[in-house]
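S.K.: just need the structure, nothing else, for what follows:
(2 chains, ligands or ions: 2)
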Amino acid sequence: MPKKKEEGFPRVPAVIAGGRIIDPTASIDKTGDLYIENGKIVRIEFNKLLSKKSIQSVGSHKVMDASGQVVSPGFIDLHVHLREPGREDEETVATGTKAAAAGGFTSVCCMPNTDPPLDNQENIRFVLEQAKAGFARVYPLGCITQGRKGERIAEIGDIVAAGAVAVTDDGSPVMDASVMRLAFEYSRMFGIPIVQHAEDTNLSFGGLMHEGFVSTILGMRGIPAAAEEVIVARDLKLLETFGGRLHVAHISTAGALELVRQAKKKKLPVTCEVTPHHLTLTDEEIKKSFNPNLRVNPPLRSRKDVEALREGLVDGTIDAIATDHAPHSREEKEVEFDAAPNGMIGLETAFGIVMTEIVAKGYLSLAQAVEKLTSAPAQVFGLPGGQLKIGHPADIIIFDPGQSWTYRASEGFSKSINSPFDGWGFKGKVTSTLLAGKVVYPVESKLEVVGLSPQDKIKLQVAERKKQKKRK
Amino acid sequence: MKKFAHKHLLGLEGMTREEIEFVLDTAVTFKEVLERPIKKVPTLRGLTIVNLFYEPSTRTRISFELAQKRLSADTVNFSSSGSSVKKGETLRDTVRNLEAMKIDMVVVRHASSGVPYFLTRCLESSIINAGDGAHEHPTQGLLDIYTIREKYGKVEGLRVVIVGDVKHSRVARSNIWGLKAMGASVSVCAPSTLLPAEIEKMGVEVFTDLNKALWGADVVNVLRLQLERQERGFLPTLREYSRLFGITRERLTLLNKNYTIMHPGPINRGVEITPEVADSPESVILAQVTNGVAVRMAVLYLLSGQQEEAVA
Ligand SMILES: [Zn+2]
Ligand SMILES: [Zn+2]
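M.R.: Ligands and ions are numbered 1, 2, ... in the order given. Model prediction:
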């Protein structure tokens, strides 16, 4: 028995004791002890809580003390780019899920715009195979169209059979309305939602940022809000006429939100997600720094849009918060704004942003915020998890809502560092993440990450040694 | 003597009237130098300046070079259209080289907004923006304001109309910021497709009817129409553009007496301005070119940190 490990953090705890347990679906928000056996939740006790003495009987090494902290279901992210296969220099399933675990996410849905794209069974299976070594559950999305070209619908039946939970051509919208119609009709047979990256690429052509006063001052080609709104409006009409389900990815404008709001009133089967960055940053940020990490698609919108999105979260028009975690290499991002690719990483900052910008500012209660990160996204794609149910896998996180911390992208677990939130201070931090009862965050060192290439390991070793030297 | 408290010249946005006047006053001294038989002063001897031009621009580059030579600086020119190599790589690689070469100042022209800011983050040198995308072209703005002040003795209270492709014009933006700071009243006039979103928030009056825009104005600054705008579909035809927005002799009667016609060049004669207007006595287009050298000398001098030494 390796005794040393047991003295520290329990790797496989039997009880998470004394935490404030929040489970939105069961309307639970109460201090209690949560018992785990064989990776499953076996009991949640609110009355007879473990005392210091009785902890002895369980064995103190098997108890995780969560007093003063919150225990909730692990977060579920509907929108991440894991970049594998194709751009393993930017992220892999292993490093991306490690970043997810550090951010409190126990399930992530990965986008199919890889190289090659996930437009067939084999590629979906490959990702799922890689995910076995991961630190979070991975639910891949398949493509809507073959090769993401927007021309012919993909083998959606096969893709779903292989384990895809939805289809999307994220990054490239389906511009041809007749193809979108067929996708809606065809997908009906499999009951999965079509996830649209809503952008009219003719209207947005050459655009670098939101079109408005700031783009005018900066002389940058703008992406009008209408580029998103005309596609959302079109898709809602197609949805109404031809059936299927629609999920609007990373909604970013007040107008698109209003379209979804009206469609929901008509009981159309539509859902939507919003990213932490669209809830926080405006186009004004670009003016301050021209930081290429602020280049993202859809672009950071106006203050008015940000306010509308926050309201949409409050009134329930927006179903879920999803990161659109999009790693890009340093070489590609450290260039002038025009030449930088779109996207920013977000798995490790999402919770800090939501706590600091949404909960602390009174838009959502803590329990509501947890819901938007757990059961609500689970419902959108019909995923397991997102709640604390007896007999279900113990995908659980512990977070300290009062802990202040500063995010340093270079110290994160993602392989990439393209975050505009580098150096930002947040209040509210995930302190432990359990996947099927096993602690996947924190790990003692990044070297524990499985699936790292030998080169990556050497890099990490060097970095950790440097850090130790600095501390000395 | 006052000091110019900036290390870089990135744009006219945010510059105060005092700062602009200080640059213009300094330029007056340098213009005197340019009128001497020996047009050279040792002011920047020993300083090395790189002219980094990623966009073809004969006029601005020559003007800067001349200003640098008149001030006895050592200059290196780097030009690249950036077409063959991926833009980003070229810029970063060049920047690394510049870092190693211990350059004192960099004059940069680039098609992408914000590139001068990018350079301030990676280099120790002073950066002068010689035009970044459609963002700013501060020395052009300064020389335009200099030219106006030279003619009228003041800028405050004058009515200036900027006519043409405002959407894609860095000259328009720098002029608007600078002229507003100096107390002029500024309006823009363009086809609706070439007016950028919410331009009125810059504090300008916006016109799409040229006759209304010109009525009662003192200065008309005519922007160059990039001919590819028609191909991109912003305009149906050049013929219609020049009929609706061309500056003709007949339209000049709408202006105040003692009016002035300006153009940053190069001119598309017969498109945005008729040859007779461009060559009329009210046109200060050639004075703008001369003043450009004096203003750029002033900017180079003020950013060089040599202010203690008097102009010889
Ligand atoms: Zn997208
Ligand atoms: Zn995405």
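
S.K.: C-alpha from now on. contacts and neighbour counts both.
M.R.: Will do.

S.K.: any chance you could map the strands in chain B?
M.R.: Taking DSSP state E as the criterion, chain B contains strands spanning B:48-53, B:74-79, B:105-110, B:126-132, B:159-163, B:185-189, B:205-207, B:219-222, B:260-262.

S.K.: need those in a markdown table (columns: mean pLDDT, distance to ligand 1 and mean neighbour count).
M.R.: Compiled in a markdown table, these are given as follows (pLDDT from 0 to 100; distance: least, C-alpha to the ion, whole Å; neighbours: other C-alpha atoms under 10 Å in any protein chain shown):
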| stretch | mean pLDDT | distance to ligand 1 | mean neighbour count |
| --- | --- | --- | --- |
| strand B:48-53 | 94 | 35 | 21 |
| strand B:74-79 | 89 | 37 | 15 |
| strand B:105-110 | 95 | 29 | 24 |
| strand B:126-132 | 97 | 29 | 26 |
| strand B:159-163 | 98 | 39 | 27 |
| strand B:185-189 | 98 | 37 | 23 |
| strand B:205-207 | 98 | 36 | 18 |
| strand B:219-222 | 98 | 41 | 23 |
| strand B:260-262 | 97 | 46 | 23 |
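
S.K.: output those strands in CSV, with distance to A:A254 appended to each entry.
M.R.: Output for the strands of chain B, formatted as CSV (distance: least, C-alpha to C-alpha, whole Å):
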stretch, distance to A:A254
strand B:48-53, 41
strand B:74-79, 44
strand B:105-110, 34
strand B:126-132, 31
strand B:159-163, 34
strand B:185-189, 30
strand B:205-207, 27
strand B:219-222, 38
strand B:260-262, 42
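
S.K.: quick one: low-confidence ranges for the chain?
M.R.: All of this is about chain A. Low-confidence segments of chain A, defined by pLDDT under 70: A:1-10, A:444-472.

S.K.: think we crossed wires, I meant chain B
M.R.: B:1-3, B:81-90, B:307-312.

S.K.: find the residue at the geometric middle of it.
M.R.: B:Q140 (1.5 Å; C-alpha atoms, centre = their mean).

S.K.: which residues touch it?
M.R.: B:171, B:174-175, B:264, B:292 (C-alpha atoms under 8 Å, 6 or more residues apart in numbering or on different chains).

S.K.: which one of the strands of chain B lies closest to A:T323?
M.R.: In terms of C-alpha to C-alpha, the element of those nearest to A:T323 is strand B:126-132, at 32.5 Å.

S.K.: what about A:E334, how many neighbours?
M.R.: Other residues near A:E334 come to 20 when the count uses other C-alpha atoms under 10 Å in any protein chain shown.

S.K.: let's have the contacts of B:Q140 in CSV, adding neighbour count and distance to B:L254.
M.R.: Formatted as CSV, these follow (neighbours: other C-alpha atoms under 10 Å in any protein chain shown; distance: C-alpha to C-alpha, whole Å):
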residue, neighbour count, distance to B:L254
B:V171, 25, 24
B:S174, 26, 26
B:N175, 27, 22
B:P264, 21, 22
B:G292, 28, 29
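
S.K.: which ones among those residues come in contact with ligand 1?
M.R.: Filtering the contacts of B:Q140 for proximity to ligand 1 by C-alpha under 5 Å from the ion leaves nothing.

S.K.: just send those back as CSV, with distance to chain A too.
M.R.: Below are these laid out as CSV (distance: C-alpha to the nearest C-alpha, whole Å):
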residue, distance to chain A
B:V171, 11
B:S174, 10
B:N175, 12
B:P264, 18
B:G292, 23
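
S.K.: keep only those of those residues that are in helices.
M.R.: Those of the contacts of B:Q140 mapping onto helices are B:171, B:174-175, B:292, per DSSP state H.

S.K.: show me what contacts the closest residue to chain B within the stretch 51-200 of chain A?
M.R.: When scored by C-alpha to the nearest C-alpha, the stretch 51-200 of chain A has A:D200 as its residue closest to chain B, at 17.5 Å. Contact analysis of A:D200 by C-alpha under 8 Å, 6+ apart lists A:173, A:175, A:227-228, A:230-231.

S.K.: likewise for A:L434?
M.R.: A:L434 neighbours (C-alpha under 8 Å, 6+ apart): A:74, A:106, A:394-397, A:440-441.
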